[in-house]
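Visitor: dropping a prediction and its sequence here:
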Amino acid sequence: MYNNYVLDYEYNLRGFMRLHVSILLMFLTLLCCKDKYSETEDKYAYVGGEVINPTTDYVVLFKRETVIDTVKLDGRNRFLYKIDNLNEGLYTFTHGSEYQTILLEPKDSIMFRLNTLDFDESLVFTGHGAKKNNYLINEYLENEIEEKYIFKLCQLTPSIYEKRIDSLKAVKMTKFASFKKKHETSTLFEKIAQTNIDYDYYSSKEVYPFVHYGKDKRTILKSLPDDFYAYRKDVNYNNNSSSNYYKYSKFLKYSFSNMALNEHNANSNDKYFDRYSVHYNLARLKLIDSLILDSKVKDDLLYEFVIGYISKNKDIDRNKTILNSFLEKSESEKHKMKLTSFTNSLSTLREGDDFPDIRLLDYNNNELTISSILNSPVVISFWSHTYHQHFKDSHKKIEKLRKKYPEITFIVINTDNYGLEKSKKSLRKYKLPVKNEYIFKNPEEARKALVIHPMTKAFILDKDKKIVNSHTNIFSRKFEKQLHGLLEK
């Protein structure tokens with residue numbers, strides 16, 4: 001996928017040249033109307049672009065979680081927006097389920113193209129301020145590839161592993177130094193780029209015990225050099241200004257999971273680590289509550305851990321215990337209501353229960369109930385345009401499973417609220433059949449009833465339309481064993 005990035009870059013650059021010609025006069029007109037007051041004349045930035053395959057007729061601009069404005073697309077699905085009195089930093093544009101984070105500083109005029117069908121891999125920025133944003137998006141894409149490589153490295157001994165990730169960081173630092181030498185850079189950009197490098201490195205260390213083979217995590221932790229986590233003493237766990245950095249958030253998740261593992265090992269006699277242990281997960285929530293003072297950072301982290309635990313755990317009593325701990329610690333009423341409703345909904349999807357009779361639309365726009373198409377053992381999986389890579393990977397996996405298990409019907413449902421045409425276009429693009437593909441008649445209602453989180457979630461039903469498993473994953477190593485069990489019933 002990423003091997004074609006250079007070709008995508010050149011293709012989009014030609015597209016942007018056409019785009020710039022068509023709106024250059026708009027820029028010149030707006031620049032001529034610049035604020036006459038000297039104290040504010042430099043505190044502005046322009047952002048514009050084009051949305052390919054739009055799902056709405058607008059984009060929304062955010063600064064952190066605050067909406068700055070809703071910007072309408074023109075007849076050519078383009079937009080141009082001026083931000084006055086700019087508060088420099090990271091901004092986010094959203095369009096439907098797609099989003100892009102960009103760094104804006106005074107006098108920037110950045111253009112980008114957003115393709116809702118193939119976003120990250122085709123993204124390129126042009127205009128004043130584009131080089132720093134292209135650097136950041138390239139670094140993000142390269143890190144996605146590197147992360148898979150690091151998971152393989154985690155099987156090495158701690159000392160060799162440390163040398164390898166030290167080398168990876170050194171390469172990034174050399175690349176960063178080269179960029180600064182070639183281009184004029186700001187203090188803010190350098191801070192963000194260095195933060196990304198540092199927290200990538202820290203995350204690589206924090207994830208090691210979890211990815212390293214072997215269930216005996218206590219022994220793995222004991223094998224680490226004494227200074228393996230020495231950097232922790234310099235980490236600010238209440239860095240609100242970095243809370244919307246993806247790399248910082250990822251580090252916090254790995255770090256608190258790791259610290260909780262140490263806490264759990266010190267107070268448990270379990271020989272092998274169970275990531276769904278109530279004791280371990282309560283320890284993790286307690287550490288977050290004690291070490292993080294910033295309510296925004298704390299609430300987001302608590303919520304992500306708890307929804308991840310509850311969505312993958314079948315034990316109702318365990319879920320209620322974890323939920324109660326969350327309710328005691330969180331200050332977000334929105335998160336409290338959402339997780340309480342989420343937990344209650346899960347209790348209606350137990351093994352042996354009837355599957356909810358959700359209403360669907362097939363790709364001929366025929367409305368039907370899900371029970372009307374269940375006449376054999378069934379696997380029900382889901383996809384969304386928000387998770388494009390999962391869409392491609394899951395359909396590829398399903399095609400293999402259909403050939404291997406013809407006795408089982410594999411139903412795939414799009415969970416979005418965009419209608420049939422957008423889903424059809426996505427399926428056609430990758431030459432996928434529409435047989436046994438559906439969308440929800442009422443997506444919001446269905447998502448809530450089936451508690452679809454994470455998107456990798458799948459259901460297994462027997463020939464009597466009873467739930468066999470409501471928390472499986474088609475990519476799990478145990479999945480085919482579960483299918484064999486289904487066929488033997």
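Guide: Received, thanks.
Visitor: for Lys457, see how far away the residue sitting nearest the centre point of the chain is.
Guide: Relative to the mean C-alpha position of the chain, the nearest C-alpha, by C-alpha atoms, centre = their mean, is the one of Tyr387, at 7.6 Å. Per C-beta to C-beta, to the nearest Å, Tyr387 is found 12 Å from Lys457. Bear in mind the C-beta positions are built from the backbone N, C-alpha and C, glycine included.
Visitor: the residue nearest to the centre of the chain touches Met455, doesn't it?
Guide: Yes - with contact defined as C-beta atoms under 8 Å, Tyr387 reaches Met455; the gap is 5.0 Å.
Visitor: which element follows the host helix or strand of Lys175 toward the C-terminus?
Guide: Element membership of Lys175 [criterion: DSSP states H and E] is helix 158-182. Once the chain leaves helix 158-182, the next helix or strand it forms, by DSSP H and E, is helix 187-211.
Visitor: low pLDDT regions in this protein?
Guide: 1-41, 118-122, 241-244 (pLDDT under 70).
Visitor: in it, which spans are helices?
Guide: Assigned by DSSP state H, the helices in the chain fall at 5-32, 130-153, 158-182, 187-211, 217-222, 246-266, 278-291, 295-312, 316-329, 333-346, 388-404, 420-429, 443-450, 479-488.
Visitor: check contacts around Glu88.
Guide: Glu88 makes contact with Leu104, Glu105, Pro106, Leu188, according to C-beta atoms under 8 Å, 6 or more residues apart in numbering.
Visitor: drop anything exposed from these.
Guide: Those of these that meet the buried threshold are Leu104, Glu105, by 16 or more other C-beta atoms under 10 Å.
Visitor: out of the contacts of Glu88, who's nearest Leu487?
Guide: Relative to Leu487, the closest of the contacts of Glu88 is Leu104; by C-beta to C-beta it sits at 55.9 Å.
Visitor: is that closest one in contact with Leu86, as I believe?
Guide: Yes - the pair Leu104 / Leu86 is scored as a contact, 6.4 Å apart, by C-beta under 8 Å.
Visitor: anything in contact with each of these two?
Guide: By C-beta under 8 Å, 6+ apart, Leu104 and Leu86 have these common neighbours: Ala45.
Visitor: sorry, back to before: from Glu351, how far out is the residue nearest to the centre of the chain?
Guide: Distance, Tyr387 to Glu351, using C-beta to C-beta: 27 Å.
Visitor: list the buried ones in stretch 219-237?
Guide: By 16+ other C-beta under 10 Å, the buried positions in stretch 219-237 come out as Ile220, Leu221, Leu224, Phe228, Tyr229, Val235, Tyr237.
Visitor: now render those as CSV, adding distance to Lys72.
Guide: Output for those, formatted as CSV (distance: C-beta to C-beta, whole Å):
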residue, distance to Lys72
Ile220, 54
Leu221, 54
Leu224, 55
Phe228, 52
Tyr229, 50
Val235, 43
Tyr237, 41
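Visitor: closest to Thr56 out of those residues?
Guide: Set against Thr56, the nearest of those by C-beta to C-beta is Tyr237 (37.5 Å).
Visitor: ok, and what's touching stretch 158-172?
Guide: Residues outside stretch 158-172 that contact it (C-beta under 8 Å, 6+ apart) are 139, 146, 150, 153-154, 156, 197, 200-201, 204-205, 208, 223-225, 228.
Visitor: report the buried members of the residues you listed.
Guide: For the contacts of stretch 158-172, buried by 16+ other C-beta under 10 Å: 139, 146, 150, 153-154, 197, 200-201, 204-205, 208, 224, 228.
Visitor: where is the longest strand in this protein?
Guide: Identified as the longest strand of the chain according to DSSP state E is strand 44-52.
Visitor: now do it: which elements does it pack against?
Guide: Strand 44-52 sits against helix 5-32, strand 78-84, strand 89-95, strand 98-104, strand 109-115, with contacts defined as 3 or more C-beta pairs under 8 Å, 6 or more residues apart in numbering; DSSP states H and E.
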